[in-house]
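**Q** Fold the following for me, if possible:
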Amino acid sequence: MCLLGEEETEVRRQRATGSCPYCGGKVYAVDVSSRWRFCFLPICFRFKRKYLCALCSRRLVLYDS
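**A** Sure thing, here's the model as predicted:
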């Protein structure tokens with residue numbers, strides 16, 4: 001049986017500018033590498049950048065203005 005799955009690993013974490021709008025905590029930019037696999041064969045490999053709050057652990061979303 002072949003399954004499709006995603007595997008994410010944290011590459012690095014660094015302090016980002018600004019503060020969390022919910023609690024006022026520090027914001028961190030986390031670079032994550034993700035791999036999609038089908039039947040244990042890699043299909044796609046890409047990097048994502050996610051923004052997280054250090055205090056409340058919420059994932060923050062950036063909007064273009």
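**Q** low pLDDT regions in the protein?
**A** Counting by pLDDT under 70, the chain contains low-confidence residues at 1-3, 64-65.
**Q** Which strand in it has the most residues?
**A** When the chain is scanned for its longest strand (criterion: DSSP state E), the result is strand 4-19.
**Q** Packing partners of that one?
**A** Here strand 4-19 is seen to pack against strand 26-38 when contacts are counted using 3 or more C-beta pairs under 8 Å, 6 or more residues apart in numbering; DSSP states H and E. All C-beta spots, glycine's among them, are computed from the backbone N, C-alpha and C.
**Q** in its sheet, what does the strand it packs on sit against?
**A** Taking DSSP bridges as the criterion, strand 26-38 forms sheet pairs with strand 4-19 (antiparallel), strand 41-53 (antiparallel).
**Q** which parts of stretch 30-37 are buried?
**A** Using 16 or more other C-beta atoms under 10 Å as the test for burial, stretch 30-37 gives 30, 37.
**Q** distance between it and the chain's centre?
**A** Put simply, stretch 30-37 sits 8 Å off its chain's centre (C-alpha atoms, centre = their mean, to the nearest Å).
**Q** So what's the residue count around Ser14?
**A** Careful, residue 14 is Gln and not Ser. Applying other C-beta atoms under 10 Å, we find 8 residues neighbouring Gln14.
**Q** and what of Arg13?
**A** By the other C-beta under 10 Å criterion, the neighbourhood of Arg13 contains 14 residues.
**Q** Deepest-packed of the strands paired with strand 26-38, please.
**A** Each of these was scored by mean neighbour count; the highest is strand 41-53, a mean of 12, by mean count of other C-beta atoms under 10 Å.
**Q** which residues touch that strand?
**A** The set of residues external to strand 41-53 that reach it, using C-beta atoms under 8 Å, 6 or more residues apart in numbering, is 11, 16, 20, 22-23, 25-37, 58-62.
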